[in-house]
Structures are given as C-alpha cells and as structure tokens.
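*Asks:* Sharing a model that was predicted from the sequence below.
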Amino acid sequence: MAEDVLLRLDRVSKVYKVGAFGGRELAAVSDVGFEVRRGEVVSLIGESGSGKSTLARMILRLTSVSGGTITFDGTDVSTLGRSYYRQVQGVFQDPFSSFNPIFPADRVLTMIRDQFFPRAAGWSERVAAALEDVRLDPGQVLGKYPHQLSGGQLQRLLIARALLLDIRLLVADEITSMLDASTRIDVLNLLADLKARGLGVLFVTHDLSLGTYVSDRTVVLRQGRVVESGPTTQIFERPEHPYTRNLLASVPRLGAKWADEAAPTGLPDGTPVVTADGTGNATGNVATHVTEEKA
Ligand SMILES: Nc1ncnc2c1ncn2[C@@H]1O[C@H](COP(=O)(O)OP(=O)(O)OP(=O)(O)O)[C@@H](O)[C@H]1O
C-alpha cells in the first residue's frame, strides 16, 4: 500500500568526477528506482562496483544525488534537516571503523543521548532495552573498549545505537561480510526482528544467499542499473534476466554438486552493453548501462 512506503527512489543517478583534475565522468548509478515499505526487508544485490554503496550513501545523504529524487515518507530527503537521522540510520561493513579505539565502545550510545536527547529521563533503561533488542548482555559490553569486543558484538552495538533513535528505516550496507558464519546468521535474524517491529530495512549485499535468507523483495543491480526487481522468491525461483541467472548459478545449493550446476559463465554473447563513452567496449568500471533484456 502506498502509505506504507517509507523510502522511494525515483530515477536516481550518480556521476562521479574522476581522473586528473576531475576531467572525466563515471556514471556509478543510473536511473535507479525502488521502494522500501514499513515492515519489509529489501535486498539490494550486485557485484563489487555495481553501485550499491553509492546508493546507500545517497540515501543516507553522505553523498549528493546527481539526478532523480529520494523521498522518505513522501518528502525529498535533500530538504530534511537533522531530524532525518532520527528516522533513518546506516550501519556499514566494518564495525571497527565506527568506533574510536581510545574510548569505551558504548560511547556511541552516550553520543546519541548528548546529541539528540540531552534531557531524556530514564536513559539507562532505554539503553538496557536497546541492548536487549539486539541480544547483547549489558554486563559484557558496557564499559568495554572496541578491541575487547567481537565484530558481531560491535555490529549489534551499532544497531542498538540506531534503535535508541527509534528509527523507521535501517540501511545495512554489507553488515555481515566481516563476521564469521554463525554471527552472520545472528545478525540476519536480528534484521528479521527489526522487520517484525515494523521497521523498513535496506539490506545491501553482494551475497545472494544472504539476500534470500532475509528479504521480502530483491533489487538486482548491475553496473549502476537495476536489471531485475521483485519478490525475492520470484527472483530466486524464476529469474528473468541472464545476469541474475548467472549470479544464482554461483550460489551453492544444498544437495547439489558443483558439477550439476550451470557454470557461471558471465553474460551470454550478444547481451547489449553500452559504455559511458558509447563505444560498447565495456572495460572495468566504465560500463554503465545494460539494456534491460528479458530472456
Ligand atoms: N568517491 C568516488 N569517486 C569516484 N568513483 C567512485 C567513488 N565511489 C565509488 N566510485 C565508483 O563508482 C562505482 C560504484 O562503486 P560502489 O562502491 O558504489 O559499488 P559497490 O557495488 O558498493 O561495490 P563494493 O561492494 O566493492 O563496495 C565503482 O566504479 C567505483 O569505482
């Protein structure tokens, strides 16, 4: 339902200035559109360099939008002030880089109080509730320094920090890629809990198997463009685009030997690729446009 839409991207593009003196342009994201609704996890899936982080950063207003609009609750996010971050927060791949090693890790929680709720009563109860929500034992994390905590604990602390703000949308950018397998599942289950609480979650990953585990809908990104999107079950059971089929062919499946799987061979011959310079020579990161082609 339209009123359930939290985040909407409409023909969003990002062009970076690259090369000596910024003389060349790189179209990292082109005409991307999708929505995230309340109580929904949407996976944004694509290989390295497909533009996932650029999109996450634009949604979080960490980098400017070159074209198109991003709206939150119907309002263009570029017009929103600091209050935006009370509703939308991001968590990133490397939890260690979000902490200052010379301070206890829970300083990230205190900073939220100082910045947003300087006169809040019952702060320690709120902290205890947020830690419980992310299944952290306060005794094991409060007062500890980042190096005394695991990557999974730090990642959960960052999600607790977002929950203290009572956010409505979480942008989770490769949050499990630095975690070991069992912690990874714990964090994915946590995303499912957030969804059950009515939050919207944008789960950015290069790993299709993680996407299928957690998300309701999937957006497949290639070279800055959406090649396919829809309900996750549909994308996984009946992928329409050859690129998605190739991505799926590289995901291990229970009970199937690698030899039984279609070998991931890249795009079939003849798949049209238009490059930034219009030559069709897709080299490295320069290719920016894949014509939508249904097989
Ligand atoms: N600040 C920047 N300046 C110039 N080019 C950039 C910048 N950030 C990203 N790019 C380029 O934009 C394209 C998309 O990068 P982006 O990091 O968004 O992809 P990604 O899908 O998140 O990849 P990864 O998973 O490896 O982080 C790449 O070609 C990248 O080199």
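*Replies:* It's in. This is a predicted model, so every value here is computed, not measured.
*Asks:* So which residues on the stretch 101-250 of the chain come close to the ligand?
*Replies:* The stretch 101-250 of the chain has residues His206 near the ligand, with proximity defined as Cβ under 6 Å from any ligand atom. (Each C-beta comes from the backbone N, C-alpha and C, glycine too.)
*Asks:* what's the distance between the residue in the stretch 101-250 of the chain positioned nearest to the ligand and Ser48?
*Replies:* For the stretch 101-250 of the chain, the residue closest to the ligand is His206, as judged by Cβ to the nearest ligand atom, at 5.4 Å. As judged by Cβ to Cβ, to the nearest Å, His206 and Ser48 stand 6 Å apart.
*Asks:* more neighbours, the two?
*Replies:* His206 (18 against 8; other Cβ atoms under 10 Å).
*Asks:* what about the more buried one, distance to Val36?
*Replies:* As judged by Cβ to Cβ, His206 and Val36 stand 19 Å apart.
*Asks:* Spell out, range by range, the helices that occur in the stretch 51-200 of the chain.
*Replies:* For the stretch 51-200 of the chain, helices defined by DSSP state H, counting those that start in this stretch occupy the ranges 52-59, 84-87, 107-116, 123-133, 138-141, 151-164, 181-196.
*Asks:* The longest one packs against which elements?
*Replies:* When you say that, I think you mean helix 181-196. strand 41-45, helix 151-164, strand 169-173, strand 200-205, helix 208-214 (3 or more Cβ pairs under 8 Å, 6 or more residues apart in numbering; DSSP states H and E).
*Asks:* Residues touching the first one, excluding its own?
*Replies:* By that I understand strand 41-45. 34-36, 52, 55-56, 191-192, 195, 200-208, 210-212, 214-221, 232, 247 (Cβ atoms under 8 Å, 6 or more residues apart in numbering).
*Asks:* And the strand or helix carrying Leu9, what's buried?
*Replies:* Taking DSSP states H and E as the criterion, the element that holds Leu9 is strand 5-18. Judged by neighbour count (16 or more other Cβ atoms under 10 Å), strand 5-18 contains these buried residues: 5-9, 12-16.
*Asks:* and the ligand, which of those reach it?
*Replies:* Contacts with the ligand within the buried residues of strand 5-18, as defined by Cβ under 6 Å from any ligand atom: Tyr16.
*Asks:* Now flag whichever of the buried residues of strand 5-18 is closest to the ligand.
*Replies:* Tyr16 (3.5 Å).
*Asks:* isn't the closest one right up against Glu25?
*Replies:* Yes. Using Cβ atoms under 8 Å, Tyr16 makes contact with Glu25 at a distance of 7.1 Å.
*Asks:* Spit out the residues that contact these two alike.
*Replies:* In contact with both Tyr16 and Glu25: no residue, using Cβ under 8 Å, 6+ apart.
*Asks:* burial count for Gln148?
*Replies:* Neighbour count of Gln148, defined by other Cβ under 10 Å: 12.
*Asks:* In contact with it, which residues?
*Replies:* Contacts of Gln148 (Cβ under 8 Å, 6+ apart): Ala105.
*Asks:* how close does the spatially most central residue of the chain sit to Thr75?
*Replies:* In the chain, the centroid-proximal residue (Cα atoms, centre = their mean) is Val204; its distance is 2.7 Å. Going from Val204 to Thr75 by Cβ to Cβ gives 23 Å.
*Asks:* Leu169 too?
*Replies:* Taking Cβ to Cβ, one finds Leu169 at 13 Å from Thr75.
*Asks:* of these two, who's got more company?
*Replies:* A side-by-side neighbour count of Leu169 and Thr75, using other Cβ under 10 Å, places Leu169 first with 24 against 10.
*Asks:* What does the pLDDT read for the more buried one?
*Replies:* On pLDDT, Leu169 comes in at 96.
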